[in-house]
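1. okay, sequence plus prediction incoming.
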2 protein chains.
Amino acid sequence: MPRSTVVRPEEIRRHNLSQVLQQIHRRGELTRAELTTSLGLNRSTIGDLVGDLVRQGVVDEHVPGGGEKAGRPSHVVAPRPDGPYVLAVEVEVERIVSAAVGLGGRVHVRHETVVAEPGPAAVVTQIARDARRLAARMPASATLVGVGVSVPGTIQRADGLVVHAPNLRWRNVPFGARLRTRLGADLDVRIGNNANLGALAEHQRGAARAMRDVVYIVGSVGVGGGVIVDGAEMYGAGGYAGEIGHIMLNPDGPECHCGSNGCVETYLGEHALLREAGVADDAFGPAAVAGVLADAERGVPPAADAVATVATSLGRTLAILINVFNPEAIVVGDTLAEILRIERPRVEREVERRAMAAARGCTALLTPDLGRDSSLIGASELAFQALFAT
Amino acid sequence: MPRSTVVRPEEIRRHNLSQVLQQIHRRGELTRAELTTSLGLNRSTIGDLVGDLVRQGVVDEHVPGGGEKAGRPSHVVAPRPDGPYVLAVEVEVERIVSAAVGLGGRVHVRHETVVAEPGPAAVVTQIARDARRLAARMPASATLVGVGVSVPGTIQRADGLVVHAPNLRWRNVPFGARLRTRLGADLDVRIGNNANLGALAEHQRGAARAMRDVVYIVGSVGVGGGVIVDGAEMYGAGGYAGEIGHIMLNPDGPECHCGSNGCVETYLGEHALLREAGVADDAFGPAAVAGVLADAERGVPPAADAVATVATSLGRTLAILINVFNPEAIVVGDTLAEILRIERPRVEREVERRAMAAARGCTALLTPDLGRDSSLIGASELAFQALFAT
């Protein structure tokens, strides 16, 4: 049976209020006139809705200065810095970043803790501590309205169970439930995969703004992905969709930690790059990767050849993604963005050869706008989604 | 800028009318009580909306017989056989099938013409002839409300341009525009890819009813696909998404007509099966395929080995689809359904080995419910979508 989408009149006001809020969140400051135009509602309805949000302490209104122009200038509506905010957290292998993020995606305060492969209990404790610390630095009237956390692993969407986070060495951790218990049951807590959240952020506020079909691929040690289909995040039945790092590129390829072999990650991950460049296993790490990229840029072998080999595999992966998704853009992040920068013609040649002609003409190859903050901003967007749901 | 989804009160009635119509279309006969429950509207509103549709000649109402039960039985609402209908057409390499399809997906009349690699002009003429012929066999009051056509090729969604249909040998044919001109400009004419339409039909009326995330893969000479993401067809930026047949399975694999090599189609298509089974090229055809499948079923080499080889490649392909889409089901059609039937354990072993653990538990491997009519029924669904759009 299809899901019913009937709308009852009493839902309209709530729905429209949420639409106004979302417009302000997406676009920052807006005039009433701009709201009227984008939402297709009349001026008095917009005035009423904005009035509601002003009374609730969510937005401020001001009349732009000058006043020399003919006619009355339209009021400017802007998020209040002491209005509602969310706690966004990015859990990484070597650090935990927490931030208080307001409407409009503004990072009010942030806090970074260096950790090493933290266990779930330590992370829950750290996030609770960060929540208090950030709240203390926010204005008294500011209200925490939700929590979003980015984890580098496979997440069960319904309850935030971390099925497997290989680099954190977590397996079947009921992380969402534990965090909910610690932070208070009435707070909406959502857990997301770091690459899915990076895709969300780049779509909402980054390189793929205003696009409806986007693939995001991010690669450092691991390779992850997130996909936007017709303007919405693709999650799949359990929330596990978008495992781009585990598309098989070659049935006879290297073994992968997932139990298969020849996965994209075994060709595009940093370990593959370092191995190709002849770096010894005990020297693996960020410094070695930076060294290989710098050498490759100057054309020094074997680094240059290693980057070229990875670039060819990147082109093959992008061709598969183009044939499957026909996206407007693929956003390529992290170390893979460096590979694309250094060897773009090689990547494009491989795409040209392997992607279907009709689809490949549609797709721009981009790098992220939000840099290292994509997943953190994505976590804040995830938290705000709860606020906007009507 | 996000697309506005504000709802104005005056749109509600039209929207609700369309919802009632869609319920009847999806589910066939329904009582008013069932409509009330599924749409969450009150009884008098449902009564009004149904009254409208009765007056428009779209549905009939009757009181179920018997009358022995306590209380008044709820009226049954059913599509009228002389109500609105669409023209659904499936263009294949050896035949053109046309049908007049009513609400509820009922095929009133159908017509089949045997052709051989028809050119666009011949197909347009044939469809116009079929439209007249079918109309003559329909009741006088029945109105043609839309046309949907399935073509085995890459279709530009916006205007129905056939970019490339390799087996028909069509390239850049403005098929939608030509058909619109021939049939009359006020008729909504939509062209779709045969595999995309098969996916639509199996999702609406077939094996994947009521599922929200589904992949459909269909293979005979060519291999195509269609994907349902969160309840809606995935089209991509230009309408070319879902080219599952051209996912690269092996960078060193056989040459493909698309210009790449090692595509899924070169491992799963019937030519690959026949070649593996040692059939001479000049004996290729449906009879040879049937022979190989029959031999394989009785365990006769080399047919059995050929089917086993294709089954392994099918498992690899399904594993990629599971990692990318995390679907509730993959529907496997046509010759590939036979491969799955004969070698299911082998296919499942390969999926087990190569798909991520979290996602593979979600996915059922199914075969189509609608058999050879999937694309034709999908074409009718495509035509009805125009009617339901509010």
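-> Arrived safely. Note that the structure is predicted; figures quoted are calculated from it, not measured.
2. from now on I want contacts and neighbour counts done on CA atoms only, so please keep to that.
-> OK.
3. strands of the stretch 151-300 of chain A, start to end?
-> Counting by DSSP state E, counting those that start in this stretch, the stretch 151-300 of chain A has strands at residues A:154-156, A:161-165, A:170-173, A:189-193, A:214-219, A:223-229, A:232-233.
4. so does the second one get close to chain B?
-> If I follow you right, that is strand A:161-165. Yes: Strand A:161-165 lies within reach of chain B by CA under 8 Å from any CA of the partner chain, at A:V163.
5. for that strand, which strands pair with it and how are they oriented?
-> strand A:154-156 (antiparallel), strand A:170-173 (antiparallel) (DSSP bridges).
6. and among those strands, the most buried is which?
-> Among those, judged by mean count of other CA atoms under 10 Å in any protein chain shown, the one packed with the most neighbours on average is strand A:154-156 (a mean of 26).
7. spell out which parts of the stretch 151-300 of chain A neighbour chain B.
-> Residues of the stretch 151-300 of chain A lying near chain B (CA under 8 Å from any CA): A:154, A:163, A:209-210, A:212-213, A:229-230, A:234-244, A:246-251, A:258-261.
8. write a ChimeraX command that selects only the buried members of the residues you listed.
-> With 16 or more other CA atoms under 10 Å in any protein chain shown as the criterion, this ChimeraX line picks the buried residues out of these:
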select /A:154,163,209,212,213,229,230,234,235,236,237,238,239,240,241,242,243,244,246,247,248,249,250,251,260,261
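9. by contact count, what packs against the helix or strand containing A:R13?
-> Under the criterion of DSSP states H and E, A:R13 resides in helix A:9-27. Under the contact criterion of 3 or more CA pairs under 8 Å, 6 or more residues apart in numbering or on different chains; DSSP states H and E, helix A:9-27 touches helix A:32-39, helix A:43-55, strand A:76-79, helix A:374-388, helix B:9-27.
10. go ahead and confirm A:I330 touches A:P368.
-> No: using CA atoms under 8 Å, A:I330 is not in contact with A:P368, being 9.7 Å away.
11. A:V123 is nearest to which of the strands of the stretch 151-300 of chain A?
-> With CA to CA, the closest approach to A:V123 among the strands of the stretch 151-300 of chain A belongs to strand A:170-173: 11.7 Å.
12. other residues contacting the closest one?
-> Identification of contacts with strand A:170-173 by CA atoms under 8 Å, 6 or more residues apart in numbering or on different chains yields A:119-120, A:161-165.
13. out of those residues, who's nearest B:R13?
-> Relative to B:R13, the closest of the contacts of strand A:170-173 is A:L161; by CA to CA it sits at 41.9 Å.
14. what is the neighbour count of the closest residue to that closest one other than its chain neighbours?
-> For A:L161, ignoring the flanking residues on the chain, the nearest one in space by CA to CA, 6 or more residues apart in numbering or on different chains is A:P174 at 4.4 Å. Neighbours of A:P174 under the rule other CA atoms under 10 Å in any protein chain shown: 16.
15. for A:P174, give me its contacts.
-> Counting by CA under 8 Å, 6+ apart, A:P174 touches A:159-162.
16. between these, which is closest to A:L103?
-> Among the contacts of A:P174, and counting by CA to CA, the member closest to A:L103 is A:G160, at 23.8 Å.
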